[in-house]
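Colleague: what would the 3D arrangement of this be:
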Amino acid sequence: MQIDSSPTLPNILTLDVGGGRVFRTTKQALSAAPYFAHLFDRWEEGVKLQADGCFFLDTDPEIFEHLLRYMRRPNKFPLFWTRQTGFNYELYSRLESEADFFMLEGLRDWIRDKKYEQAVQVEIDLKEQVHFGSAPILWPGSTICRHMVVKGGLNKECPSGDHIWGCEDCFRNLHCAREMKANNFPVTDEDLVVSAATIFKFDMTALVNDGVP
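Modeller: Sure thing, here's the model as predicted:
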């Protein structure tokens, strides 16, 4: 049930968002959004409040939580990213839509231009070792490493053309070894350890809102 009321605008406001969650925040925080700033300008003209004194907002409470966090600290844009799943594009899309509705143009445009992708760069690096007894390979920054053992080095297509399948472990055949060396193919009977590193590089300056003084 809602009632018409024209109360004096309080500094602390209670919002019923989506009929399921209640948020308490300040007038100053909400005023970061032109939608609320315009609402406050006409507050005393008669704003509909619920019987419990809450102001009802018909929007997704999950998304509004992120909007409110941004309105409280508008100097930094949100980063929705994990190592396991990468960027949460669905959440960014939903937030962009709500930012547009509440007239938060800076946040809306930042998401629309996908500038959040500048905050995390992902690189793949491959390195080889002859065996596990070698000194460990170290990468700078935050990484996820995977190690693979390649038995007997790298199989290459034999240039002699003597093999039925065209590809064999030629390193143990003297004739083929000569052909491999003549063609500058690597020849080794050692097991190789191939280490693959996924390197994450973070640039938190990409999250800074330059539009906030």
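Colleague: mind listing the strands for this structure?
Modeller: 2-5, 12-17, 21-26, 47-50, 55-57, 81-82, 86-87, 120-129, 142-150, 192-202 (DSSP state E).
Colleague: neighbouring strands of the fourth one in the sheet, and parallel or not?
Modeller: When sheet partners are counted by DSSP bridges, strand 47-50 sits next to strand 2-5 (antiparallel).
Colleague: the fifth one too?
Modeller: Looking at strand 55-57 with DSSP bridges, its paired strands and their directions are strand 12-17 (parallel).
Colleague: skip the chain neighbours and tell me the closest residue to Asn11.
Modeller: Lys27 (5.4 Å; CB to CB, 6 or more residues apart in numbering). Bear in mind the C-beta positions are built from the backbone N, C-alpha and C, glycine included.
Colleague: what's the burial count for Lys114?
Modeller: A count of nearby residues for Lys114, using other CB atoms under 10 Å, gives 11.
Colleague: Ala37 too?
Modeller: By other CB under 10 Å, neighbour count at Ala37 equals 13.
Colleague: correct me if wrong: it contacts Ser31.
Modeller: Yes: with contact defined as CB atoms under 8 Å, Ala37 counts as touching Ser31 (5.0 Å).
Colleague: coming back round to it: what is the burial count for the residue nearest to Asn11?
Modeller: Residues near Lys27, counting by other CB under 10 Å, number 15.
Colleague: list the contacts of Glu65.
Modeller: 21, 23 (CB atoms under 8 Å, 6 or more residues apart in numbering).
Colleague: how far away is it from Ala51?
Modeller: Separation of Glu65 from Ala51 (CB to CB, to the nearest Å): 24 Å.
Colleague: measure stretch 25-35 end to end?
Modeller: 15 Å (CA to CA, to the nearest Å).
Colleague: got it, and stretch 182-201?
Modeller: 42 Å.
Colleague: I'd like the average pLDDT over that stretch.
Modeller: Stretch 182-201 shows a mean pLDDT of 68.
Colleague: now do stretch 33-53
Modeller: The average of the pLDDT scores along stretch 33-53 is 83.
Colleague: stretch 116-133 now?
Modeller: On average, stretch 116-133 scores 74.
Colleague: distance of the nearest residue to Ala29 once chain neighbours are set aside relative to Leu9?
Modeller: Using CB to CB, 6+ apart and skipping residues adjacent in sequence, the residue nearest Ala29 is Arg72, 4.7 Å away. Using CB to CB, Arg72 is found at 18 Å from Leu9.
Colleague: now Trp81
Modeller: For Trp81, the distance to Leu9 equals 38 Å [CB to CB].
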